[in-house]
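Trainee: Sequence and predicted structure are below.
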Amino acid sequence: MNKYIEYLDGITVDDEQHGRIMKLLNQKPHRLRQKRTIYQYAGLAACLAIVLLCIWAMPGMFDNPVVVSPGNTGLTVQAPPQNGGVTVEPSEPTNTPEPTEPVYPLYSLTLNYVDSLISSERAYIPGHFWYELTDEQLRAVFPDFPLTLTATAHYFGDGSLHSVVAYDNETWGANDEYLTFTKIEVVGAGGGSMRDYSYVDSEPIISDVAGILVTAETVRGMPIYMAAFVMDEVTYDITIEVNNLEESGYNRGQDRLTEVVNALIRNGPADLSVLNDPVIPELRDESLTLSEARSDPDFGMYLPENVPSRFGFESARRFINQDTDNLSVYWSIRFDYDYIDWRVSKATDYDLERIASPDERVKYDMELYPIPWADSVPTELRDYVLNPVFRAEDLTLDIIQARAYWVDTDRSDTPGWRMRFSVLYGDAVVEVNVKGASPEQVWEMFNRMISYY
Amino acid sequence: MEEFVRRHENKVYRNAVAIMCNKADAEDIMQDVFLKYMEKAPFFQSVEHEAAWLTRVTVNHCRSRLRSPWRKKTEPLLDIYPAQDNEQQSMIETISALPPKYRAAICLFYYEGYSTKEIADITKQKESTVRSHLTRARNMLKVFLGGES
């Protein structure tokens, strides 16, 4: 299998691929864990609003649902009628009170089966920045939309709009799982790429919804429904995903797709002009020399004057975007795995939440936690123990010694010290991640930094 | 974070390429693995632990991608990363035609050098299952294996 090994050894990540990874990582703060809670509570309120709205505003929606028969080679739906697509007529009211909201005809969608996706490269947005839409902007982009949405506008670095991505607040089930997930992407004339599909039948059937041509798809065997159309040079791409493989789940997904497409078309195209002229945040991504890094007016003063002699300078980087503002410097040892990773950044709320005082040893003393840490470190202390923040005036050699742990192995890695912690200097935080330098050496680096200026 | 990525991106990418046999999916998986690292911020007790964690996450993401309808149709792998000779070409073509679970076993055993027990720990399968996958893959590759055990 040497030929196989040689073949894989010849495959490497090029600079462009590496750049895409780093762009993506720098756009993803640690708030991922908080996201679901916000949507969860908002979703509960949205559930009630949707139910009430459906009762009063869309009485005809379920009169003639599109029929799905799982297991057939195709959907048993009506072929597109000759009159342009209207297959559901609003029912005549009998002995019912006058409705308080108008009843709209609901255009059905012909769903095409797809079994795989053909797409271009994942969209890369040069100089990407983003803003969440205000209520006023939401009303302009999604006029009179029946679902409660949260949306984010994504921009190129020059301030031109790339796309708007909106999500319905997920409907939650009894077991805290989402039931229906709706995503709507809106792309203006200058925006990002759209998806293509591999259709089971060679040519998809187009649906006519009030004069707008819509392609609608469902994935064979999966409760995923998609639709796309263009209206006044604005492209809409809708995805509905249902977390339920029972019959009701399939119907719910179809019905939601029909509802969303009809509502978007009926209420008119998005007014994307409300998103023009955003405030462009400062954006910077530069490789620096060590001298340039030391000269940085914001963070250069927080770099050590010297590092242990066996470490050599490898790289430095200055990065600024909406969420991140940092200077990072990396020292390493040639042909070895030891390193000093020194990062200075604006202190965030998350940093301030992890401050540990000297007498709170449970938050930082590695001696208290035997390996495996996943078992020994209490969940509520994990963020602290992983990367505690010390006030600069509290930092001592004793604290650094408590943070350090020794790795002693006879396998491929070198034995030595490891440590990770952060130090708060006013509104700046220095995070160090070290492999192969002793606590005394790291203490000396901090001392030299403090006395350097 | 950048240095962590630099240290491991080739390994993660090669594993993903070996299992998925296409560049686009492998790139997506590589990004997802590092996102997962950033989200979970796991403790690593050693370099080996670090490597095993990355391998496990890569394999899991490959599995998820293989189950997903959003798989991309792209150029054949050998068009992007050509073989150096005819024998290598034939071998890669044969491996690419294997079921993904066999490709994963081949990659972890022959390229990463894990034992069947270690592969079972990484992939959360029975060791007997791993041996079975390897045996069947070897049978399909026996013309390339020659005297190798």
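Mentor: Right, received. Where do you want to start?
Trainee: Return the set of buried residues in the helix or strand of chain B with the lowest mean pLDDT.
Mentor: When the helices and strands of chain B are scored by mean pLDDT, DSSP states H and E, helix B:127-145 comes last with a mean of 81. Buried residues in helix B:127-145, defined by neighbour count with 16 or more other C-beta atoms under 10 Å in any protein chain shown: B:130, B:131, B:132, B:133, B:134, B:137, B:138, B:140, B:141, B:144. Just so you know, the C-beta spots here come from the backbone N, C-alpha and C atoms, and that holds for glycine as well.
Trainee: Any stretches of chain B with poor pLDDT?
Mentor: Regions of chain B meeting the criterion pLDDT under 70 cover residues B:45, B:68-74, B:143-149.
Trainee: ok, longest helix in it?
Mentor: helix B:47-67 (DSSP state H).
Trainee: Can you give me the neighbour number for residue A:3?
Mentor: 16 (other C-beta atoms under 10 Å in any protein chain shown).
Trainee: so it touches residue B:87, yeah?
Mentor: Yes - counting by C-beta atoms under 8 Å, residue A:3 touches residue B:87, with 5.9 Å between them.
Trainee: hmm, back to that, contacting residues around the longest helix of chain B?
Mentor: Under the criterion C-beta atoms under 8 Å, 6 or more residues apart in numbering or on different chains, residues A:337, A:409, A:411-413, B:8, B:11-12, B:15-16, B:19-20, B:25, B:28-30, B:32-33, B:36-37, B:42, B:44, B:71, B:100, B:104, B:108, B:112, B:114, B:118, B:121-123 lie in contact with helix B:47-67.
Trainee: List of residues touching the least confident helix or strand of chain B?
Mentor: Here helix B:127-145 makes contact (C-beta under 8 Å, 6+ apart) with A:1, A:3-4, B:87, B:90-91, B:94-95, B:98, B:101-106, B:109, B:116-117, B:119-120, B:123.
Trainee: Give me the ChimeraX select line for those, limited to the buried ones.
Mentor: Selection of the buried residues among the contacts of helix B:127-145 in ChimeraX, burial being defined by 16+ other C-beta under 10 Å:
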select /A:1,3,4 /B:91,95,98,101,102,103,104,105,106,109,116,119,120,123
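Trainee: Near chain B, which residues of the stretch 151-300 of chain A? Just list them.
Mentor: Along the stretch 151-300 of chain A, the residues adjacent to chain B under the rule C-beta under 8 Å from any C-beta of the partner chain are A:198, A:219, A:220, A:222, A:224.
Trainee: Off-centre distance for stretch A:151-168?
Mentor: Distance, stretch centre to chain centre, for stretch A:151-168: 13 Å (C-alpha atoms, centre = their mean, to the nearest Å).
Trainee: For the stretch 301-450 of chain A, what lies in contact range of chain B?
Mentor: Counting by C-beta under 8 Å from any C-beta, the stretch 301-450 of chain A comes close to chain B at A:314-315, A:317, A:328, A:330, A:332, A:337, A:339, A:341, A:371-374, A:377, A:386-387, A:407, A:409, A:411-413.
Trainee: From the contacts of helix B:127-145, which land in helices?
Mentor: Those of these mapping onto helices are A:3-4, B:87, B:90-91, B:94-95, B:101-106, B:116-117, B:119-120, B:123, per DSSP H.
Trainee: thinking again about what came up before, buried ones among the contacts of helix B:47-67?
Mentor: For the contacts of helix B:47-67, buried by 16+ other C-beta under 10 Å: A:413, B:8, B:11-12, B:15-16, B:19-20, B:25, B:28-30, B:32-33, B:36-37, B:42, B:71, B:104, B:108, B:112, B:114, B:118, B:122-123.
Trainee: Among those residues, name the ones in helices.
Mentor: Mapping the buried ones among the contacts of helix B:47-67 onto helices (DSSP H) picks out B:8, B:11-12, B:15-16, B:19-20, B:25, B:28-30, B:32-33, B:36-37, B:104, B:118, B:122-123.
Trainee: Which one of the buried residues of helix B:127-145 is nearest to chain A?
Mentor: Nearest to chain A among the buried residues of helix B:127-145 is residue B:144, at 7.2 Å by C-beta to the nearest C-beta.
Trainee: Who does the residue of the stretch 101-250 of chain A at minimum distance from chain B form a beta bridge with?
Mentor: Relative to chain B, the nearest point of the stretch 101-250 of chain A is residue A:219 (4.1 Å; C-beta to the nearest C-beta). Going by DSSP bridges, residue A:219 is paired in beta bridges with residue A:114.
Trainee: can you pull the contacts of the nearest residue to residue A:416 once chain neighbours are set aside?
Mentor: Distances taken as C-beta to C-beta, 6 or more residues apart in numbering or on different chains place residue A:436 nearest to residue A:416, at 4.5 Å, with adjacent residues excluded. Contact analysis of residue A:436 by C-beta under 8 Å, 6+ apart lists A:311, A:333, A:336, A:337, A:338, A:339, A:414, A:416, A:417.
Trainee: and what of residue B:95?
Mentor: Residue B:95 neighbours (C-beta under 8 Å, 6+ apart): A:4, B:18, B:103, B:106, B:141.
Trainee: Reformat the buried residues of helix B:127-145 as TSV; add distance to residue A:23.
Mentor: TSV is the format used below for those (distance: C-beta to C-beta, whole Å):
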residue	distance to residue A:23
B:130	37
B:131	42
B:132	42
B:133	37
B:134	38
B:137	37
B:138	41
B:140	40
B:141	39
B:144	39
